[in-house]
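Visitor: the sequence and its predicted three-dimensional model are supplied below.
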Amino acid sequence: MTTLVHTRADLAAALDAATGEIAVVMTMGALHEGHRRLMRVARERSAFVLVTIFVNPLQFGPGEDYERYPRTLDDDLAACRAEGVSVVFAPGRDDVYPDGAPSVTMHPGPLGEILEGASRPGHFAGMLTVVEKLLMLTRADVAYFGEKDYQQLALIRRMVRDLELPAEIVGVPTVREEDGLALSSRNRYLSPEERRAALALSRALREGAAQGDPEAVLAVAQKILSEEPGVRPDYLALTGADLGPAPAEGPARLLVAARVGATRLIDNVPLTLLKGA
Ligand code: AMP
């Protein structure tokens, strides 16, 4: 049975009744197979899985899609039920921010200034602030986040380490459509033509990552992006697995952000760099 709660008081009551480890999956709703994978991975380990559904105003900049972000609570609940989720916490704005916008917030540090942070000022501060609040409100022992939002995952790990938060953070690999497109709630904004163009992102990452040499990785990925006129890249970056500088060899990450029509998409893949490849 899945219990839906909206207020922090009802959430606390549901948590008081929970036994065993509390596993949490945080989402903004409009749930898809990527979110469901997180729930399934959580469920494999923990009997009690809690899903939060909250479109956090704090992490949207002016002109971004806060107002039109898809809100599909009935379908989301059905998905959570099907995955054996124990509790869904779908708070209103005032349940999360009872005093209005918080005056004390998270500072993401240098890792928050590159890539997404450079394109979306304030985004990571807003994201970390709500993640910290939800970790506390849900009393999470373990929380699951997708590698789809790789920099977000890295920052959450960092916050938990730097601030001694008592939760374990688990990353889950990106779930993709069969043709490679990374699942995203924002994919539903895409017209059929834009969806076709958007495939250039995952193709660029895949074919770039298949190269071993750093210069070839970037050149191949860049070429694929530039050949798709429907895609306006924001950045294409090759980094270390920790988002620091790319190593000469070993584990690395290739990340892309681009606009397709009015929709901003991000994606990334792991890769291994090889000396003299
Ligand atoms: P969102 O609702 O977009 O805030 O995402 C909620 C959680 O689901 C985050 O931890 C995301 O990284 C994760 N997520 C979103 N899309 C995917 C995907 N395609 N594969 C794996 N995890 C995902």
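Guide: Thanks, I have it.
Visitor: so, low pLDDT: which residues of the protein?
Guide: Along the chain, the parts satisfying pLDDT under 70 run over 277.
Visitor: all helices for it, in order.
Guide: 8-16, 33-45, 73-82, 93-96, 116-119, 123-138, 150-162, 192-209, 214-226 (DSSP state H).
Visitor: what comes up buried for the first one?
Guide: By neighbour count, and taking 16 or more other Cβ atoms under 10 Å as the criterion, the buried residues in helix 8-16 are Arg8, Asp10, Leu11, Ala14, Leu15. C-beta here means a position set from N, CA and C on the backbone, and glycine is covered the same way.
Visitor: surely the last one is in contact with Arg139?
Guide: Yes. Counting by Cβ atoms under 8 Å, Leu15 touches Arg139, with 5.5 Å between them.
Visitor: at the contact with the ligand, which residues of the stretch 1-150 of the chain appear?
Guide: Applying Cβ under 6 Å from any ligand atom, one finds that the stretch 1-150 of the chain approaches the ligand through Thr27, Met28, Gly34, His35, Arg37, Leu38, Phe145, Gly146, Lys148, Asp149.
Visitor: adding distance to Ala248 and neighbour count, write those out as a markdown table.
Guide: Conversion of these to a markdown table gives the following (distance: Cβ to Cβ, whole Å; neighbours: other Cβ atoms under 10 Å):
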| residue | distance to Ala248 | neighbour count |
| --- | --- | --- |
| Thr27 | 38 | 23 |
| Met28 | 38 | 19 |
| Gly34 | 33 | 20 |
| His35 | 37 | 27 |
| Arg37 | 33 | 19 |
| Leu38 | 34 | 27 |
| Phe145 | 29 | 22 |
| Gly146 | 29 | 22 |
| Lys148 | 27 | 21 |
| Asp149 | 27 | 18 |
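Visitor: if we can go back for a sec, of all the buried residues of helix 8-16, which comes closest to the ligand?
Guide: Each of the buried residues of helix 8-16 was scored against the ligand by Cβ to the nearest ligand atom, and Leu11 proved nearest at 18.3 Å.
Visitor: pull the contacting residues for that closest one.
Guide: The contact partners of Leu11, by Cβ atoms under 8 Å, 6 or more residues apart in numbering, come to Val5, Val87, Phe89, Pro91, Leu137, Thr138.
Visitor: roughly how far does the second one sit from Glu132?
Guide: Put plainly, it is Val87. For Val87, the distance to Glu132 under the criterion Cβ to Cβ, to the nearest Å works out to 20 Å.
Visitor: one more: the fourth one?
Guide: Pro91 sits 15 Å away from Glu132, taking Cβ to Cβ as the criterion.
Visitor: Leu181 too?
Guide: The separation that Leu181 has from Glu132, given Cβ to Cβ, amounts to 31 Å.
Visitor: quickly list what the closest residue in space to His35 that isn't next to it in sequence is bridged to.
Guide: Leaving aside its chain neighbours, His35 sits nearest to Thr27 (5.2 Å; criterion: Cβ to Cβ, 6 or more residues apart in numbering). Beta bridges link Thr27 to Ile53 when assigned by DSSP bridges.
Visitor: show me what contacts the one residue in the stretch 101-250 of the chain that gets nearest to the ligand?
Guide: Taking Cβ to the nearest ligand atom as the measure, the stretch 101-250 of the chain has Gly146 as its residue closest to the ligand, at 2.2 Å. When the contact criterion is Cβ under 8 Å, 6+ apart, the partners of Gly146 are Gly34, Arg37, Leu38, Leu153, Gly171, Val172, Pro173, Thr174, Val175.
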